[in-house]
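A.B. asks: Build me a structure from this.
(2 chains)
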Protein chains: 2
Amino acid sequence: MSKRAYNFCAGPAALPEAVLRQAQADLLDWQGRGLSVMEMSHRGEDFTAISSQAEADLRELLGVPGNYKVLFLQGGASLQFAQLAMNLMPEGGKADYIDTGIWSRKAIEQAQHYGTVNVAASAKGYDYFAIPGQHEWQLSKDAAYVHYTPNETIGGLEFDWIPDVGDVPLVADASSDILSRPLDVSRFGLIYAGAQKNIGPSGLVVVIVREDLLGRARAACPTLLDYKVEADNGSMYNTPATFSWYLSGLVFKWLKEQGGLPAMERLNRQKKELLYGFIDASDFYSNPIAQDDRSWMNVPFRLADERLDKAFLQGAEARGLLYLQGHRSVGGMRASIYNAVTLEAVQVLVNYLAEFEKEHG
Amino acid sequence: MSKRAYNFCAGPAALPEAVLRQAQADLLDWQGRGLSVMEMSHRGEDFTAISSQAEADLRELLGVPGNYKVLFLQGGASLQFAQLAMNLMPEGGKADYIDTGIWSRKAIEQAQHYGTVNVAASAKGYDYFAIPGQHEWQLSKDAAYVHYTPNETIGGLEFDWIPDVGDVPLVADASSDILSRPLDVSRFGLIYAGAQKNIGPSGLVVVIVREDLLGRARAACPTLLDYKVEADNGSMYNTPATFSWYLSGLVFKWLKEQGGLPAMERLNRQKKELLYGFIDASDFYSNPIAQDDRSWMNVPFRLADERLDKAFLQGAEARGLLYLQGHRSVGGMRASIYNAVTLEAVQVLVNYLAEFEKEHG
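C.D. replies: Okay, the predicted model is just below:
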């Protein structure tokens, strides 16, 4: 086997090596049963033990209160954009959205199919380099919910605070920062997160929803997309993405072994301080985001001369540093440093940044 | 490693052992890249090579004409029940449905959210033991499409003919018999199939749709569920279920190595003749389905005395014959004998049937 690469992909992203080794060992024969997890009935005892344990471990990691359901669904965050509106926005109703970047705006665009969207605040006035403080927000009096994107995967903006929206349910697309540090779930009405960053393989989306928000789906909502139906059926109204669910369970177990989210917070703080620290000390690399609003997970940066981008990426790849190209919509570079990206990987990246700067700066 | 079990699960179902071995070998390091397929960007060269090859192989296996798109989506057949209606049935429109069992009726129920459903024929008059011939069908003049379920996974009924519905698009839920034998795709407007029987892991649904049917989605259809959007984006409007797609590609490659669908037809014919032949020759076991309408893939059967069911299942499990219990809605037994279930497995099952009958008959 070749050496494992240093994988900075924004998603589908690096998974913990220990998790992949376990999945590899289990692949044809889970616990001596003579079959793969992929080949098990989702309603059988073996798989329901796997799926229940995964849910219990996720609840423990995040401290999910008892009055919340945890759902393991399909379609990614992009389907949630529509699904949450079909479930939570009444016909002819309204919701508040905060625009902090590309993913916020995708959520807004989908919600507009189902009712009135009030963009209560936008980072546009800051060229998407800073998050508008809550004193700038123009919340509606009659919003069904307030939606925001705690971490913008492409722009590299992250809230380091939870908005206070009173009794209105707060809804968060936590796809790219869930499980990166502790989170007070009780502050939210609904949290959703595509799995392919900090949870597991793509094709799975986790939804954490307060029970009083169930049972509000509009008539035209497909039954499979009604949160209450999925909650009542333990996310098995139809066949779930069983292998992705199992693999996510292995990730949750690994996180617990690492010391849970406080340990992840310590590690992720070290990683981001190392990388931003190097970028800030350099005149060759730059990151434009306001200090307090910088993402811990996705670090976009630019070279002083974009004509060097290609050479930079080639040199990186030759050293096993993969997927450093920025999102096609914004260009530049981006290093995604999710939970499974080690401190060593970030150090190797910083070493390469220094080396490349020395050669080309 | 323990011996591989004989897996008769209706889905998620047995996968070819060679496919699982390849996936196991690749798991941490696909083709020396130093990372798992699960960790690759869906937009990178490596994954797009995997996904394109999978599509090309599926097209070759089924002989999909050039004027059809092949989509790799999420949500399973159950989401397709709503999705196809939102895409193909105009507001206030109508569609014809054929009811041959539980899965047909689930499709009907979802379509009723979006327009008028005319149940043009039902197997109810035959206690769901036979499929109504086309001379009995009462098709509408103005149906947007005609929907049927070529194989009823629970009931064990399968069409051995393709309905002739003239110029009206024919839509089929082929979840449990796709790839089991050759199929004339050109007869259909749209074919969909949940992956977890003959294609790959759960969490993936394949849709084969004639291009002239794209672009008809109603306004309230979530963007992600608009077939045209997915067709225009190569099933990557958002992150697809990459690992399931890859694994399905391995299954397609394996099918080609076996000799493609003509070879599968020969093998599956042997398997079903062996199993039905034994059941028919016995007074102890029975299958109620009309001879011509029997499923090649799902063989429900009953013991003469249902008080023996528990002992039968325990004995089966002790011999590594798994998941023979019938669907919870109908009881009895069911052996699903998809492509990856070997002739040897069916022979072992038949040997056990004989042995159990001898002991308890």
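A.B. asks: the helices in chain A, which residues?
C.D. replies: A:17-26, A:45-62, A:76-88, A:102-111, A:227-232, A:242-258, A:260-281, A:309-318, A:343-360 (DSSP state H).
A.B. asks: Chain B: which of the ones you listed is closest?
C.D. replies: helix A:76-88 (3.4 Å; CB to the nearest CB). From N, CA and C alone the C-beta is placed, and that goes for glycine too.
A.B. asks: Tell me which other helices or strands that closest one touches.
C.D. replies: Here helix A:76-88 touches helix A:102-111, strand A:170-173, strand A:190-194, strand A:205-210, going by 3 or more CB pairs under 8 Å, 6 or more residues apart in numbering or on different chains; DSSP states H and E.
A.B. asks: Could you export that helix as PDB, CA atoms only?
C.D. replies: The C-alpha coordinates for helix A:76-88 follow below in PDB (Å, rounded to 0.1, in the frame of the first residue of the first chain):
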ATOM      1  CA  GLY A  76     -27.700  16.000   1.400                       C
ATOM      2  CA  ALA A  77     -28.100  19.500   2.700                       C
ATOM      3  CA  SER A  78     -29.300  20.700  -0.700                       C
ATOM      4  CA  LEU A  79     -32.500  18.600  -0.300                       C
ATOM      5  CA  GLN A  80     -32.800  20.000   3.200                       C
ATOM      6  CA  PHE A  81     -33.000  23.500   1.800                       C
ATOM      7  CA  ALA A  82     -36.400  22.600   0.300                       C
ATOM      8  CA  GLN A  83     -37.400  20.000   2.900                       C
ATOM      9  CA  LEU A  84     -37.100  22.200   5.900                       C
ATOM     10  CA  ALA A  85     -39.200  24.900   4.200                       C
ATOM     11  CA  MET A  86     -41.900  22.300   3.200                       C
ATOM     12  CA  ASN A  87     -41.900  21.200   6.800                       C
ATOM     13  CA  LEU A  88     -41.600  24.400   8.800                       C
END
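A.B. asks: quick check: angle from that helix to strand A:190-194?
C.D. replies: 160 degrees (axes from the mean of the first three to the mean of the last three CA atoms, to 10 degrees).
A.B. asks: got the angle for helix A:76-88 vs helix A:102-111?
C.D. replies: For helix A:76-88 against helix A:102-111, the angle by the same axes, to 10 degrees is 40 degrees.
A.B. asks: Surely A:Leu73 touches A:Val229?
C.D. replies: No: using CB atoms under 8 Å, A:Leu73 makes no contact with A:Val229, being 10.9 Å away.
A.B. asks: So which of those two has more stuff around it?
C.D. replies: Taking neighbours as other CB atoms under 10 Å in any protein chain shown, A:Leu73 and A:Val229 compare with A:Leu73 leading, 24 against 18.
A.B. asks: can you pull the contacts of that one?
C.D. replies: A:Leu73 makes contact with A:204-207, A:230, A:235, A:240, according to CB atoms under 8 Å, 6 or more residues apart in numbering or on different chains.
A.B. asks: so can I have TSV of those residues showing neighbour count, pLDDT and distance to B:Trp245?
C.D. replies: Shown next, in TSV, are those (neighbours: other CB atoms under 10 Å in any protein chain shown; pLDDT from 0 to 100; distance: CB to CB, whole Å):
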residue	neighbour count	pLDDT	distance to B:Trp245
A:Leu204	28	98	14
A:Val205	27	98	17
A:Val206	27	98	21
A:Val207	23	98	23
A:Glu230	24	98	23
A:Ser235	24	98	21
A:Pro240	25	98	17
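A.B. asks: and chain B, which of those reach it?
C.D. replies: Applying CB under 8 Å from any CB of the partner chain, the subset of the contacts of A:Leu73 adjacent to chain B comprises A:204, A:240.
A.B. asks: Quick check: chain neighbours aside, which residue is closest to A:Met236?
C.D. replies: A:His42 (5.8 Å; CB to CB, 6 or more residues apart in numbering or on different chains).
A.B. asks: re earlier: to B:Phe356, which of the helices and strands packed on helix A:76-88 lies closest?
C.D. replies: Among the helices and strands packed on helix A:76-88, strand A:205-210 comes nearest to B:Phe356, with 43.6 Å by CB to CB.
A.B. asks: Please name every helix or strand in contact with the closest one.
C.D. replies: Secondary-structure packing of strand A:205-210 (3+ CB pairs under 8 Å, 6+ apart): strand A:68-73, helix A:76-88, strand A:190-194, helix A:227-232.
A.B. asks: Distance from the second one to the middle of the chain?
C.D. replies: Relative to its parent chain, helix A:76-88 has a centroid offset of 15 Å by CA atoms, centre = their mean, to the nearest Å.
A.B. asks: One more: the last one?
C.D. replies: Relative to its chain's centre, helix A:227-232 lies at 22 Å (CA atoms, centre = their mean).
A.B. asks: From A:Arg33, how far off is A:Gly266?
C.D. replies: Rather than Gly, residue A:266 is Arg. Here the criterion is CB to CB, to the nearest Å. By it, A:Arg266 lies 38 Å from A:Arg33.
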